[in-house]
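# Build the 3D model from these lines:
(chains A and B)
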Amino acid sequence: MPEPVLIQPDAAFIRDVIETGGGDLKKCFQCATCSAVCTLSPEDAPFPRKQMIEAQWGLKEHLAGDPAVWLCHNCGDCTTNCPRGARPGDVLGAVRSALIRAFSFPRFMGSLLASPKWLPLLYLLPVIIFGAIALLGPKAVSTASPEFAELFPIPILEALFFTVSGLVVIVLAVGLTRFIRALRAAGCKESILKGLAPAVADIATHKRFRKCSKEQTRSWGHLLTFWGFVGLAVMGTAVGIGTMAGIMHTPLALTSPWKVFANVCAAVVFVGCVMLLVDRVRDPEKRASSTYFDWFFLLTLAGVVFTGILSETLRLGSAVWAMYTVYFVHLVLIFTLFLYAPYSKFAHFLYRTVAMAAAGKGT
Amino acid sequence: MDKKTGVYICSGCSIGETLDMEALAKVAESEFKVPVCRTHNFLCGREGLGMIRKDLEEEGVSAVVIAGWSPRMKTEAFRFDPAMVQERVNLREHVVWSHADGGEDVQMLAEDYLRMGIVKANKSEPLQPVAEEISKRILVVGGGVTGVTSALEAAAAGYEVTLVEKQDQLGGFVGTLSRRFPKDPPYTELNLEGIADKIQEALYHPKIQALTSARIKKIEGEPGRFNAVVETKSGDTEVKAGAVIMATGWKPYDASKLGHLGYGTSPDVVTNVEFEKMAGEGPVVRPSDGKPVESVLFVQCAGSRDENHLPYCSSVCCMATLKHAAYIRSRNPDAKVYIIYKDMRTPGQYEKFYMKTQDHALNFLTKGEVAAVEAGGNGKVTVQVKDTLIGRDMAVEADLVVLATGMVPNAADGEAIRALEDAKIKATTGESENQKAEAAKTVEALKHHEGTAILNLTYRQGPDLPVLAHGFPDSNFVCFPYETRRTGIYAAGTVRAPMDSVHAEEDALGAAMKAIQSVELASRGEAVHPRSRDLSFPEFFLQRCTQCKRCTEECPFGALDEDEKGTPKPNPYRCRRCGVCMGACPERIVSFKNYSVDMIASMIKAIEVPDEDEEKPRVLVFMCENDAYPSLDIAGLHRKEINPYVRVIPLRCLGSMNIVWIADALSRGIDGVMLVGCKYGDDYQCHFAKGSELADRRLENVKETLDRLRLESERIQLTQLAINEYDKLPSLIETFMKRIDELGPNPYKGF
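Sure thing, here's the model as predicted:
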C-alpha cells in the first residue's frame, strides 16, 4: 500500500468548478450510479464517481493527472440518471474547463476566458488590430473586382496570423508539458507516443464518441465539424505558405481545386456546427447544462464559418461595404478563435487526444 | 356448581356439505350426553346468536361449546359473561376448509375435535373477575424530554403522575442543547425551540408531582399496586402507582476506550457531547491553545457499529455531526469541515439536512475508516484514513477532531445483578471448593453490575429490568415496543432504543398509552398484551410444591417471588397468563380455571386412536396460539390441504407445554407429537419472550421418557414458525407425517 496522501483541499478550485458549470457538484453522495450507466467507463478504472469526490474535495492535482476526466464525451447519461441531481456530466465539463485554465500559460488569460464579463475586452484586442490595419495599413492596388486585400493587405495578415499561430503553439506546448507532468505525477506510466496513433485513429472515426451519444445529431455534428475544420486548417496553412512563397495568389479562382476543397470544408463545418447548435438548443436538458465556456467556443467557431461563407458570397456579389464589414467580423472571430484557443474549449482537442493516448483508449 | 353444557354446531361455510352433521351431533348427544345440542346453518348470524342467548336464559346453559369458525373470529359478538365456560371447536378453518374432499378421515377429525372441545369445556371452570383496589397513578422515572412528555401526556389523559428526576432540574440532555435537529419543512434549518416550555408546564401541572434531586429507593408490588419509595432531599416519599414508565435516557459511550481514535492523545480530540458544550459557549477554539478552529474533522461511528465497542447504530450521531458542522459554519464560513463516515444515516426528512450540509463548498465527506489519529508537530491533529472513496489511503490535518460517539442506555441488567448476588453467596457457602471457585469467577465477571440498579425492584429475579440485545430493556422493539419483561413497567425514549428527541417525544406518548392501558386492564383484573382482557389467573396448589424453583426462575416476567424456602409467592397482576409456570412445574400444581395440565391431558385422551391394522396414524400437534395457530387458520383460509391424521391442540405458549402430555400421548398410541411455536434466539418472535426456547429445552428431558418407553426420539419435533409462513405449514406437517410413516406405528396402540 502506498503512503497515505496528505489531503489539502483547494478551495479556489472547488469554487471555480462550482461557478463554471459544476454547481451541483456537492450534491454527490457517491452511489456510483454514474459510473454504472456510463457506456465509456472502463471496468478497471471506472468514472466519473471517483472524479466527483475528488472534485468535491478540491483535489486538483488528482484530477489534473487523471486521463479519465478527458475520456468523457459528455453524453449526459450520468446526469440524467443521477438520483441526487449532482449532474456528473456537467461537473466533468466544468472540471475540464477549470483544468484547461489551470494548464494554460499565462494563467491570467485563462481567467479572462472563464466569465462573460471579460468578453468585451477579448474582442477589443482584435477589433483594434484589424481596425488599425484597415485604417492605417497600405492599400493594395484596386483591381476590376473588389478584393479583401484592398483593405486588409495580405502580407500584414499573413505576418499577423503566423505570429499568432506561433504564439498559440508555444502556449499549447506549455499546457501540454504541464498536463504530461501532472499525468506522470499522478502515476500514469503509459507511453503517450505509443498510444497516440490509436488515439488519433479513434478520433478520426469518432468511434468512442458515437458509442457515447444517445442520439446521433451530436456525434455526427462533431465529426463533420472536426473533419471540416481539419480540412480548412490544412488548406489555410497551405495557401498561407503558398501565398508567402509567391506560388499562389488570392483570391483563388472558384474553379481552383484548392478553392473547391476549401468551400466544401467550410460547408461541412457549417453543417456540423448547425447540428451541434441544434443539439444544444433543442433539448432543454442540454440547454441548461451548456455553459459560457461551451457557447463561447461553439459560437465563435460557427461565427467564423458563417462570416467566411457570407463574406465570400458578398465578395462574389461585389457588395463592397457589406463585404468589408462582414470580412472584418470574420477576421476578428478567426483571431479570437486562434489566439484564445489554449484557454478556451478549443484546447480540449489537445488534452483529450493526449489523455486518450495516455489511457490507451485508442482504437 | 354443576355445569349445563350446550353444544352448538354450525353447518354453514360448507361445514354441512363436507361433514355428516347428524353423526357429529351424535358424538355430543350419545357419547357425552350433552343436555343441549343444536345445529344451525348460520350460527354466527343474529338468529344463531339469539338461539344461544335464549338457551342461556331459558335452559340455564352455563357452558357453551361453539363448533364452527376459528376461535380467533367473531370474538366480540360471541363473548359471553365470564361466569360462563366458553369453548370453541374449529370445524371451519381446521377441518372443512383444509380438507376439501371430506370423507371418513375428515369426519373422524371433526368428531375428535368436538370431543376435545366438550372435554375441555367440562373440565373448565368459570372465571371470576377479581376486583382489587388499585392505583391508576403513573410513576415516570427520568425527567428528560421523554419523561416530561410522558408525564404531560398521561396527565392530559386524566391520570395522576409522579415524575422522578435525579438532577436538580427537569430537562435531561435535551434541556442542555443549544439547537435541536430540524423539525419543520423544509428540514434544512436547525430547531431553536428548547423544551423549557414543556418543563414549565410539567412543573405547574396540577396532576403532576415532580420530584427532582430524587431517586427510586425501592419499588415493590405489581401493576395497579406498585409501592415505590422515592428518596428526595426532604426525605423519603411513598408513591402508590399503577404503572411505571422508565425514561432514564442514555449516557455517551465511554470515550476513554477510544484510544485508537486518538482520545486522550491530544486535548484537541473531543467527543461530540463535549463539542456540543464547547460550541454552545461562543466561538469554537482549540482546547489546547485557545486558537480559533480553522478545520475540524468528525469521526463518525466512533466506537459504534464495532463489535469491540457498541455493536449497534445509535441513529443520531450522523445528524449530531451535521448539526455541529452547522455550528462551525455559523461562526466561520471558511473553516474546513471533514466528515469521515461508515454510512451516513439520516433517517426520514433528516436527509434534507444532510443534503444541505453536503452542499457547502468546504464541507468534505467521505466514507472511510480512521486508521490513526496523532498529534502532529504543527499543533494540528493528523488523521489517517483508509478505505476511502478516493481510492487511496489519506491523511488529513485538522485543528480539532470530534469523535461522534454513540448512546448507551441508562439501564441496569436486573438478572445480572441477581446472578451476582447469588454468586456472592455461593462463593462463601458453596458445597465444594470447586463450586466456590466457579462462583468467585462469576462474581468477578459480573462485578461491574454492582450497585447499578435504578428501579430497585423487590423482584425475585433481580432489582431491575432484564435486558435484551446490547443492554436495552425493551422486550421486542419490533413487535411490542415499550414493553419490558416486567409487566406494568414500560421503557420509553433512549433507554429503550437509541433515538433523537423528536422520536423520544413520540415514544413518550406510546409508553404513556401503554401505561394507561395497563392500569385500566389491571383495574378490571384483566391481562395486558398479548393476552389482553384474559381474566384467568394461575393457581398454585402449594401443598404439593417441592420448592424446586423452576417456576420462579423460568417465569419470563418475574411474576413469582419466593419465600425463604423457595415456595413461589405469586403476584397475579404481574402475570401475563402465558402458563410457562404450568409447563415448568414437575408436580403439575399450577393451573388456570380454563387451562390446566389435566385439561389438556383429558383432551389427548378424548382423541380416538384407531388400531394399528386400520393404518390411520395419529399425530398430535401442539400449536402456539399466537403465531402458529393463526397460521393454520390462514392456511385454511387459502384452502391449503392439511393431513387429516393430525390433531391440533392450541397452547397459550409453547412454554406452557408440560412434558407429561407427551408421555400421555405416546402411551395412548399416538404416533408422534409435533410442537409448532414462535422463533426463538436473538431475534425471537415468542410473545412471551422465552416460551418456545424453554419448550425446546424441556424436550431434552422428553428423550429420557422416550427411552423408558423404548420409543424413537424422532417421534417428537419442535418446529419454529413465523406467522407469515402459513404456506409452509402443510408441507412441514406432511414431512413429519412421512417420518412417522417410516418409523412405523406406535407399538403402544391398543393398550
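# Would you mind listing what in chain B touches chain A?
B:334, B:336, B:344, B:355, B:358-367, B:384-386, B:389-397 (CB under 8 Å from any CB of the partner chain). C-beta coordinates here come from the backbone N, C-alpha and C atoms, glycine included.
# Restricted to helices, list those residues.
Among the residues of chain B next to chain A, DSSP state H puts B:355, B:358, B:359 in helices.
# Now restrict those residues to buried residues only.
Among these, those classed as buried by 16 or more other CB atoms under 10 Å in any protein chain shown are B:355, B:358.
# re earlier: would you mind checking the residues of chain B next to chain A for buried ones?
For the residues of chain B next to chain A, buried by 16+ other CB under 10 Å: B:336, B:344, B:355, B:358, B:361-367, B:384-385, B:389-390, B:393-397.
# Pull the one helix or strand residue B:226 maps to out as CSV, backbone CA atoms only.
If you go by DSSP states H and E, residue B:226 is part of strand B:225-232. Listed next in CSV are the C-alpha coordinates belonging to strand B:225-232 (Å, rounded to 0.1, in the frame of the first residue of the first chain):
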residue,chain,number,x,y,z
ARG,B,225,-50.4,-1.9,43.2
PHE,B,226,-46.9,-0.7,43.0
ASN,B,227,-45.5,0.8,46.1
ALA,B,228,-42.5,3.0,45.4
VAL,B,229,-40.2,4.7,47.9
VAL,B,230,-38.6,7.8,46.4
GLU,B,231,-35.7,9.4,48.2
THR,B,232,-35.6,13.2,47.9
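# For the residue of the stretch 101-250 of chain A found nearest chain B, which three-state class applies?
Taking CB to the nearest CB, chain B has its nearest neighbour within the stretch 101-250 of chain A at residue A:187, 10.0 Å off. Assigned with DSSP: H, G, I helix; E, B strand; the rest coil, residue A:187 falls in the coil class.
# looking at it, it is touching residue A:65, isn't it?
Yes. Using CB atoms under 8 Å, residue A:187 is in contact with residue A:65, at 7.4 Å.
# re earlier: tell me which helix or strand comes right after the strand holding residue B:226.
Assigned by DSSP H and E, the successor of strand B:225-232 is strand B:235-241.
# who's in contact with that next one?
Contact with strand B:235-241 is made by B:135, B:137-139, B:162, B:209, B:211, B:214, B:217, B:225-230, as judged by CB atoms under 8 Å, 6 or more residues apart in numbering or on different chains.
# do that again at 10 Å, thanks
With contact meaning CB atoms under 10 Å, 6 or more residues apart in numbering or on different chains, strand B:235-241 is reached by B:133-140, B:160-162, B:164, B:209, B:211, B:214, B:216-219, B:221, B:223-231, B:488, B:515, B:519.
# buried subset of these?
B:134-140, B:160-162, B:164, B:209, B:211, B:214, B:216, B:218-219, B:221, B:223-226, B:228, B:230-231, B:488, B:515, B:519.
# nearest residue to the residue in the stretch 251-363 of chain A that chain B sits nearest to other than its sequence neighbours?
When distances are taken as CB to the nearest CB, the stretch 251-363 of chain A reaches nearest to chain B at residue A:359, 15.9 Å away. Nearest residue to residue A:359, sequence neighbours excluded (CB to CB, 6 or more residues apart in numbering or on different chains): residue A:67, at 4.0 Å.
# would you say residue B:251 is within a strand?
Yes. The assignment for residue B:251 by three-state DSSP puts it in a strand.
# Quick check: it vs chain A, distance?
Residue B:251 sits at a distance of 32 Å from chain A (criterion: CB to the nearest CB, to the nearest Å).
# Mind checking what secondary structure residue B:206 has?
Applying three-state DSSP: residue B:206 is coil.
# burial of it, as a residue count?
7 (other CB atoms under 10 Å in any protein chain shown).
# check contacts around it.
Listed by CB under 10 Å, 6+ apart, the contact set of residue B:206 reads B:155, B:160.
# One more: residue B:687?
Here residue B:687 is in contact with B:475-476, B:479-480, B:529-531, B:556, B:576, B:578, B:624-627, B:652-653, B:655, B:677-678 (criterion: CB under 10 Å, 6+ apart).
# Residue B:693 too?
B:556, B:654, B:655, B:677, B:678, B:679, B:680, B:681, B:684, B:686, B:718, B:720.
# Tell me what residue B:384 is bridged to.
For residue B:384, the residues forming beta bridges with it (DSSP bridges) are residue B:372, residue B:395.
# ok, it touching residue B:297?
No. Between residue B:384 and residue B:297 there is no contact under CB atoms under 10 Å: 11.0 Å.
# intersection of neighbour lists for those two?
Common contact partners of residue B:384 and residue B:297 (CB under 10 Å, 6+ apart): B:370, B:373, B:396.
# and which of the residues you listed is nearest to chain A?
residue B:396 (5.0 Å).
# can you tell me which residues contact residue A:177?
By CB under 10 Å, 6+ apart, the neighbours of residue A:177 are A:103, A:105.
# Could you pull out the buried residues of the helix or strand where it lies?
Residue A:177 is part of helix A:154-185 when elements are defined by DSSP H and E. Neighbour counts over helix A:154-185 (16+ other CB under 10 Å) mark A:154, A:156-157, A:160-161, A:164-165, A:168, A:171-172, A:175-176, A:178-180, A:182-183 as buried.
# on that earlier part again, show me how far the strand holding residue B:226 is from its chain's centre.
Computed by CA atoms, centre = their mean, to the nearest Å, the chain-centroid distance of strand B:225-232 equals 25 Å.
# Need the mean per-residue confidence for that strand.
Taken as a whole, strand B:225-232 has a mean pLDDT of 97.
# just checking, what packs against it?
strand B:138-141, strand B:161-164, strand B:208-211, strand B:215-222, strand B:235-241, strand B:243-246 (3 or more CB pairs under 10 Å, 6 or more residues apart in numbering or on different chains; DSSP states H and E).
# What strands line up against the second one, and which way round?
Meaning strand B:161-164. strand B:138-141 (parallel), strand B:208-211 (parallel).
# Now render those as CSV, adding mean pLDDT and distance to residue B:261.
Putting the strands paired with strand B:161-164 into CSV (pLDDT from 0 to 100; distance: least, CB to CB, whole Å) gives the following:
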stretch, mean pLDDT, distance to residue B:261
strand B:138-141, 98, 33
strand B:208-211, 97, 39
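# and these as CSV, adding distance to residue B:149?
Listed next are the strands paired with strand B:161-164 as CSV, based on distance: least, CB to CB, whole Å:
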stretch, distance to residue B:149
strand B:138-141, 9
strand B:208-211, 12
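# pLDDT wise, what is residue A:61 at?
93.
# actually residue B:402, not the one I typed
98.
# Any regions of chain A where pLDDT drops low?
Along chain A, segments meeting pLDDT under 70 span A:1-2, A:140-144, A:213-214, A:362-363.
# Chain B contacts on that one?
Proximity of chain A to chain B is confined to A:1-9, A:11, A:14-15, A:17-19, A:23-30, A:32, A:45, A:49-54, A:56-59, A:62, A:84-86 under the rule CB under 10 Å from any CB of the partner chain.
# Which among those residues count as buried?
A:4, A:7, A:9, A:14, A:17-18, A:23-30, A:32, A:49-54, A:56-59, A:62, A:84, A:86.
# and residue B:178, how many neighbours?
14.
# what do you get for residue B:639?
Neighbour count for residue B:639, taken as other CB under 10 Å: 11.
# any idea how far the closest residue to chain A within the stretch 601-750 of chain B lies from residue B:496?
Here the stretch 601-750 of chain B gets closest to chain A at one residue, residue B:683, 29.0 Å apart by CB to the nearest CB. Residue B:683 sits 17 Å away from residue B:496, going by CB to CB, to the nearest Å.
# what about the two, which has more around it?
residue B:496 (29 against 9).
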